[in-house]
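Peer 1: sharing a model that was predicted from the sequence below.
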Amino acid sequence: MNNVIIIGSGPAGLTAAITCAQKGLEVYVIDEYMKPGGRLLGQLYEQPDGTWWNGINESNKLFQQAVDLGIQFYLETAVFNIEKKDNRWKVYTDKETFQTTNLLLATGAAEAPVPIPGWTLPGVMSVGAAQVMTNVHRVKPGNRGIIIGINVLSSAIAMELKLAGVDIACLALPKNNQITHESAHPKKVLDSLLHVAHMAPSSFVKLGSKLMKNNFMKELGVTFFPRNGVKMWDIPIQLKKAVIEIYGEQEVAGVTIASISSKGEVIEGSEENIAVDFVCIAGGLYPLGELAALTGCPFHYIEELGGYVPLHNEQMETPVEGLFVAGNITGIEGAKVAAAQGRVAGLSIAERTGQHQLEEELKDAIKQVADTRKNAYIQFHPEVESGRRTVQMEWEEYWSKREQII
């Protein structure tokens, strides 16, 4: 039986694996993708100090470190069931069945689809797919495209596509309906956009983000937002235009875009066509918790963290004995936060084996997670710290109720 099984080889899984191996534990890492690294593989951006964060290089470093420590990887291996028998986890994959007493789920996040008329045409993809094609496989998704959905993820990937020489006509909103209401409302979108304004080379955008600190200023910002958009990285950001249809016969030929009011309502007669050969849809990310649901771990819906997250504490333990979580399965944040959580999870697992006293090291690692979050260059939700406090409150309430029952 293996000491530790980790499902997911992203920044959280790799860092946790390295931490466990450094403490003398035998570690198996399982991932359905052909390469380790997870969402690290597609990331490329300039940091405040002028250096470049290259996700492929970072994942290669972590992978080599893991291999040098003797960690065994099972890539291109899909997990289809998890169950617990006789205090041991049984992990069923399409290749073989694994067993362990310590299981870490670092399954990351998935993209939320946003339905747009015409979205089944060849040439329509998620914004994350375009990122992987460009940054990982070095294949352009097309010559000229449009991104539907304005959020932290789409803004960052638009910059990456621009760096790769891909022409982005603009970032625009989806048409307002019951599904897209949050992502189609200009004021709500502006809130998220302000959290990536510091990445823009435009001093106008940076200044505007500092001025709009309250709701009144945000209302003014939406009302007087230029009809032709504001450019970030020379890409128009269209807060007052929405894509109402993707058109083409056998493949994408273009989109129909229309002006919208400050409440997201389409202004009739303002429709125009824009010729593009690919379309990216950016519906945001949500925690990928299906495997955790198989374990009987309780979940809570926390908007600030991107959706339903498995209940866990600061040590990355769940209420289910021997089950740990780390990374975006616990809430949508950046790769550096995920890696910091992976270290905490690795230390918690090592301490659980009884071979080490790691209380002080764990405290330092937990503090490092908080510091990394506070200084994160990209934040996916402005109230993420509030979301984390909610998780901790739910954790305390869960055990309080358990004690009352006992």
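Peer 2: Cool, the structure landed. Note that the coordinates shown come from a computational prediction; the quantities given were computed from them, not determined experimentally. Numbers count the residues shown, from 1 in each chain.
Peer 1: and residue 310, what is it in contact with?
Peer 2: Residues in contact with residue 310 (C-beta atoms under 8 Å, 6 or more residues apart in numbering) are 105, 289, 292, 297-299, 318, 325, 329-330. Any C-beta I mention is one placed from the backbone N, CA and C, and that applies to glycine too.
Peer 1: most neighbours out of the residues you listed, which is it?
Peer 2: Neighbour tally across those (other C-beta atoms under 10 Å): the maximum, 33 neighbours, falls on residue 105.
Peer 1: burial measure for residue 53, as a count.
Peer 2: 17.
Peer 1: before we move on, back to that, reformat the contacts of residue 310 as a markdown table; add distance to residue 18 and pLDDT.
Peer 2: Below are the contacts of residue 310 laid out as a markdown table (distance: C-beta to C-beta, whole Å; pLDDT from 0 to 100):
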| residue | distance to residue 18 | pLDDT |
| --- | --- | --- |
| 105 | 17 | 98 |
| 289 | 24 | 96 |
| 292 | 22 | 97 |
| 297 | 25 | 97 |
| 298 | 29 | 97 |
| 299 | 28 | 97 |
| 318 | 21 | 98 |
| 325 | 17 | 98 |
| 329 | 19 | 98 |
| 330 | 19 | 98 |
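Peer 1: now, which of those residues sits nearest residue 72?
Peer 2: residue 105 (17.9 Å; C-beta to C-beta).
Peer 1: my guess is that closest one meets residue 324, correct?
Peer 2: Yes - if you go by C-beta atoms under 8 Å, residue 105 and residue 324 touch, sitting 7.2 Å apart.
Peer 1: from the chain's centroid, how far away is the longest strand seen in the chain?
Peer 2: Across the chain, the longest stretch assigned as strand under DSSP state E is strand 235-247. In terms of C-alpha atoms, centre = their mean, to the nearest Å, the centre of strand 235-247 is found 23 Å from the chain centre.
Peer 1: I'd like the next helix or strand past that strand.
Peer 2: strand 254-259 (DSSP states H and E).
Peer 1: mind listing the helices in the stretch 151-300 of the chain by residue range?
Peer 2: 152-163, 181-184, 186-193, 203-211, 215-223, 290-294 (DSSP state H, counting those that start in this stretch).
Peer 1: ok now the shortest one, how far from the chain's centre?
Peer 2: Read it as helix 181-184. On C-alpha atoms, centre = their mean, the centre of helix 181-184 falls 19 Å from the chain's centre.
Peer 1: check which residues of it are buried.
Peer 2: Of the residues in helix 181-184, 183-184 count as buried by neighbour count, 16 or more other C-beta atoms under 10 Å.
Peer 1: that helix - contacts with which helices or strands?
Peer 2: When contacts are defined as 3 or more C-beta pairs under 8 Å, 6 or more residues apart in numbering; DSSP states H and E, helix 181-184 sits against strand 167-174.
Peer 1: the strand it packs on: partners in the sheet, and parallel or antiparallel?
Peer 2: Note on strand 167-174: by DSSP bridges, its sheet partners are strand 144-148 (parallel), strand 235-247 (parallel).
Peer 1: possible to save these as a markdown table with mean neighbour count and distance to residue 169?
Peer 2: Output for the strands paired with strand 167-174, formatted as a markdown table (neighbours: other C-beta atoms under 10 Å; distance: least, C-beta to C-beta, whole Å):
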| stretch | mean neighbour count | distance to residue 169 |
| --- | --- | --- |
| strand 144-148 | 24 | 5 |
| strand 235-247 | 22 | 8 |
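Peer 1: show me the strands in the stretch 301-406 of the chain, by range?
Peer 2: 307-310, 323-325 (DSSP state E, counting those that start in this stretch).
Peer 1: wait, which of the strands paired with strand 167-174 is closest to residue 155?
Peer 2: In terms of C-beta to C-beta, the element of the strands paired with strand 167-174 nearest to residue 155 is strand 235-247, at 7.9 Å.
Peer 1: what mean pLDDT does stretch 275-285 get?
Peer 2: The average pLDDT within stretch 275-285 is 95.
Peer 1: one more: stretch 33-52?
Peer 2: pLDDT averaged over stretch 33-52 gives 84.
Peer 1: what does stretch 339-358 give?
Peer 2: For stretch 339-358, the per-residue pLDDT averages 92.
Peer 1: repeat that for stretch 135-148.
Peer 2: Stretch 135-148 comes out at a mean pLDDT of 94.
Peer 1: same question, stretch 242-256
Peer 2: pLDDT averaged over stretch 242-256 gives 97.
Peer 1: what about it, how long is it end to end?
Peer 2: For stretch 242-256, the first-to-last residue distance is 9 Å (C-alpha to C-alpha, to the nearest Å).
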